[in-house]
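Visitor: Here is the input, now give the coordinates:
(chains A and B)
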Amino acid sequence: MELLIQQLVSGVATGGIYACMALSIVMIYQAIHHLNFAQGEMAMFSTFIAWQLLQWGLPYWIVIPLTVAISFSGGIAIERIVIGPLGEAAVLSHAVVFIGLYAVINSLASFIWDFTTRPFPSPFGAGSQFGNLISNQQIGMIAVTLLVLALLYAFFRYTRVGLAMRAAAENPTSARLAGIRVGLMAALGWGMAAAVGSIAGVLIAPIVFLEPNMMLSILLYGFAGAVLGGLSNPAGAVAGGFAVGVIENLAGTYVPVIGSELKLPIALLLIVIVLVFRPTGLFGRTIVQRV
Amino acid sequence: MSARAADTEPQLSVRDVAVRFGGILALDGVRFDLHRGQILGLIGPNGAGKTTLFNCLSRLYTPASGDIVYEGGSILSSPSHRMPVIGIGRTFQNVSLFRRLSVRDNIRVGAHSTSASDLFSESLALPWVRRQETRIDLVVAELIDYLDLADVADVPVNGLPFGTQKRVELARALAIKPGLLLLDEPAGGLNHEEVVELGRLIRQIRDERGVTVLLVEHHMGLVMSVSDKIVVLNFGRKIAEGAPPEVQSNPDVVAAYLGGSTR
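Guide: Below you'll find the predicted structure:
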């Protein structure tokens, strides 16, 4: 029983990270209707920046906001310089650019910080609560994830810019004629996705350790979460991320053949199953066309 | 009609506008004026260039030559997202709404365009931003009432009947407080009663809100009853212009619609 609860808790904790990744994927997907393969590498790069700032002796409470701010500007810069000019180019052009971004960011990180696997200090300390049931790191991960999700919800629901971003994603032509600068909104979406990704990176780094390929599996889990919940529904993607975290942990613990080595294929299997049986995801909305 | 219609300076002036798609001349030197408070009906057979002209007026297309002057200034140097500020609102032939947003949010998007708040003061929720939000809420509430949308205000537009969606789009266009309203086939897909009601509504909008209206429409009953002036296009050229009775008896117009030799 205690093992089950422990696995559930750690599933929810890592699920929160997947939820953040799923959310960044969906935010960009909503804005430009393409999947950003480089999302994980952007988060990895942000995490390295955070590590570098910590190395220089800055305290955590300055490092986090600074990293988020740098990532936000970086996301906007990538949209303005690389993605925006692509415009309405074909799916394949976008795919190639995303793979290019992936390679460039990955190599850049290896070039600057090399491939050494580094420990990343937890911002929440090493202890645990409730008799080793849940570590401080896990509590922190869950709390920060929920805070980020609540802030994003409030932003999209209640602010003018949030509404403008939703309108621009939904119908760019009409949005433009209603006075919305659609390009700017897309850039803002990239900035916010990069910022959310950087938080996910910093939260997961104490667990997976810091190295240029750290986000590859996280991105796959995030992608599985997004597909499971539905690419058209940010809230669904978040729920999907949490679900993937729990499923992955339970399967790894209770299905003997899977173990910790075969956890990753579960994410891939989930993607395949969802796409075959329910392509819109669990919470995806199908737009009904009147005929 | 109204006293202001007698202003000498036209509010909108389309000057020799030409648009080319590859080898096809979609618009070929079209020119006409529209005075403040007028309702102008733009008619012509399919493919005559009506929607192309509309897309030039809302800056989705840029003419190859010619100029479009609104309130004394050329609009061709402004991008399409500036149109609400300039004062030109439009609706689309097949309705182009934000389908997943509620009726209220759709109209709100239109109303936001005329507010001057920026990202910075927005995120700090400065007091005058909140004042502006209240102002926007009032504008939106007034339009929901004006276009009889209260029952569906918080429903996503996705599942609403087509006629209702058209009213939502009209509300969104009015939310920018336009001086000129472009209506692209507003009667398309409406039944007889709805068309009669629409004609009444267009005149009411002009009279009560002082909005000049440019209307593309195939429903002849509606165009002829509501318009002060008609412009007829055929194959990208203007073939007639005048009051409804004049245009109806013009032999070129009859030929364009029914075929047959011109003169």
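
Visitor: Quick check: buried residues in stretch B:69-89?
Guide: The neighbour-count check on stretch B:69-89 (16 or more other C-beta atoms under 10 Å in any protein chain shown) flags B:69-71, B:75, B:80-84, B:86-89 as buried. Placement of C-beta: from N, CA and C, glycine included.

Visitor: Just the residues contacting that stretch, thanks.
Guide: Residues from elsewhere that reach stretch B:69-89 (C-beta atoms under 8 Å, 6 or more residues apart in numbering or on different chains): A:176-182, B:9, B:11-13, B:15, B:57-60, B:62-63, B:67-68, B:90, B:110, B:113-114, B:173-174, B:176-182.

Visitor: And for stretch B:104-113?
Guide: For stretch B:104-113, the external contacting residues (C-beta under 8 Å, 6+ apart) are A:160, A:163-164, A:166-167, A:175, A:178-180, B:84-85, B:89, B:97-98, B:101, B:136, B:139-140, B:143-144, B:153-154, B:157, B:168-169, B:171-176.

Visitor: If I follow the layout properly, B:Ala175 ends up in contact with B:Val140?
Guide: Yes: between B:Ala175 and B:Val140 there is a contact at 6.8 Å, judged by C-beta atoms under 8 Å.

Visitor: looking only at pLDDT, what's the mean for stretch B:218-230?
Guide: For stretch B:218-230, mean pLDDT rounds to 90.

Visitor: Quick one, which of the contacts of stretch B:104-113 are buried?
Guide: In the contacts of stretch B:104-113, burial by neighbour count holds for A:160, A:163-164, A:166-167, A:175, A:178-180, B:84, B:89, B:97-98, B:101, B:136, B:139-140, B:143-144, B:153, B:157, B:168-169, B:171-176, counting by 16+ other C-beta under 10 Å.

Visitor: from these, which ones fall inside helices?
Guide: Of those, the ones assigned to helices by DSSP state H are A:160, A:163-164, A:166-167, A:175, B:84, B:136, B:139-140, B:143-144, B:168-169, B:171-175.

Visitor: Report how many residues lie close to A:Val202.
Guide: 28 (other C-beta atoms under 10 Å in any protein chain shown).

Visitor: Grab the nearest non-local neighbour of it.
Guide: Setting aside the residues directly before and after it, A:Val202 is nearest to A:Ala50 in space (C-beta to C-beta, 6 or more residues apart in numbering or on different chains), at 5.1 Å.

Visitor: On the pLDDT front, check that neighbour for me.
Guide: On pLDDT, A:Ala50 comes in at 93.

Visitor: Next, the contact list for it, please.
Guide: Contacts for A:Ala50 (C-beta under 8 Å, 6+ apart) come out as A:Val63, A:Ile64, A:Thr67, A:Ser198, A:Gly201, A:Val202, A:Ala205.

Visitor: Could you list the low-pLDDT ranges of the stretch 51-200 of chain B?
Guide: Across the stretch 51-200 of chain B, the ranges flagged by pLDDT under 70 are B:113-133.

Visitor: tell me which element residue 108 falls in.
Guide: By default, I'm working from chain A. helix A:91-113 (DSSP states H and E).

Visitor: my bad, chain B
Guide: helix B:103-112.

Visitor: Could you do A:Ile70 as well?
Guide: With DSSP H and E as the test, A:Ile70 turns up in helix A:60-78.

Visitor: That helix close to chain B?
Guide: No: judged by C-beta under 8 Å from any C-beta of the partner chain, helix A:60-78 stays clear of chain B, getting no closer than 11.9 Å.

Visitor: hey, where'd the strands end up in chain A?
Guide: A:128-129, A:134-135 (DSSP state E).

Visitor: pLDDT on the last one, on average?
Guide: Mean pLDDT, computed over strand A:134-135, is 81.

Visitor: so which of the buried residues of stretch B:69-89 comes closest to chain A?
Guide: Chain A lies nearest to B:Pro84 out of these, by C-beta to the nearest C-beta, at 3.7 Å.

Visitor: if I look at the closest one, how far off is A:Val255?
Guide: From B:Pro84 across to A:Val255, the span is 58 Å (C-beta to C-beta, to the nearest Å).

Visitor: Look up the closest residue to the residue nearest the centre of chain B, ignoring the ones flanking it.
Guide: The residue lying closest to the centre of chain B (C-alpha atoms, centre = their mean) is B:Leu182, at 1.0 Å. For B:Leu182, ignoring the flanking residues on the chain, the nearest one in space by C-beta to C-beta, 6+ apart is B:Arg90 at 3.8 Å.

Visitor: Let me see the contact set for the one you found.
Guide: Neighbour list for B:Arg90: A:Leu177, B:Phe54, B:Leu57, B:Ser58, B:Met83, B:Ala173, B:Leu181, B:Leu182, B:Leu183, B:Asp184 [criterion: C-beta under 8 Å, 6+ apart].

Visitor: next one: B:Lys166
Guide: B:Thr91, B:Val95, B:Pro186, B:Gly189, B:Leu190.

Visitor: just the helices in chain B please.
Guide: Under DSSP H, chain B gives helices at B:50-57, B:83-86, B:103-112, B:119-123, B:127-146, B:162-175, B:192-209, B:220-226, B:244-248, B:251-258.

Visitor: The ones you listed: which one's closest to A:Gly100?
Guide: Among the helices of chain B, the nearest to A:Gly100 by C-beta to C-beta is helix B:119-123 (30.2 Å).

Visitor: Pull out the buried positions in the helix holding A:Leu108.
Guide: Neighbour-count burial for helix A:91-113 [16+ other C-beta under 10 Å]: A:His94, A:Val97, A:Phe98, A:Leu101, A:Tyr102, A:Ile105, A:Asn106, A:Ala109, A:Trp113.

Visitor: Could you find the residue in chain A that comes nearest to chain B?
Guide: Counting by C-beta to the nearest C-beta, chain A gets nearest chain B through A:Gly179, at 2.7 Å.

Visitor: Which neighbouring elements make contact with the lowest-mean-pLDDT helix or strand in chain A?
Guide: When the helices and strands of chain A are scored by mean pLDDT, DSSP states H and E, strand A:128-129 comes last with a mean of 74. Packing contacts for strand A:128-129, counted by 3 or more C-beta pairs under 8 Å, 6 or more residues apart in numbering or on different chains; DSSP states H and E, involve strand A:134-135, helix A:136-158.

Visitor: and the ones you listed, which one is worst for confidence?
Guide: strand A:134-135 (a mean of 81).

Visitor: can you pull the contacts of A:Pro172?
Guide: A:Val182 are the contacts of A:Pro172 under C-beta under 8 Å, 6+ apart.

Visitor: low pLDDT regions in the stretch 151-291 of chain A?
Guide: A:258-260, A:284-291.

Visitor: need the residues of it near chain B, please.
Guide: A:159-161, A:163-164, A:166-167, A:170-171, A:173-182, A:285, A:287-288, A:290.

Visitor: do that again at 6 Å, thanks
Guide: A:Arg160, A:Val161, A:Ala167, A:Glu170, A:Asn171, A:Ser174, A:Arg176, A:Leu177, A:Ala178, A:Gly179, A:Arg181 (C-beta under 6 Å from any C-beta of the partner chain).
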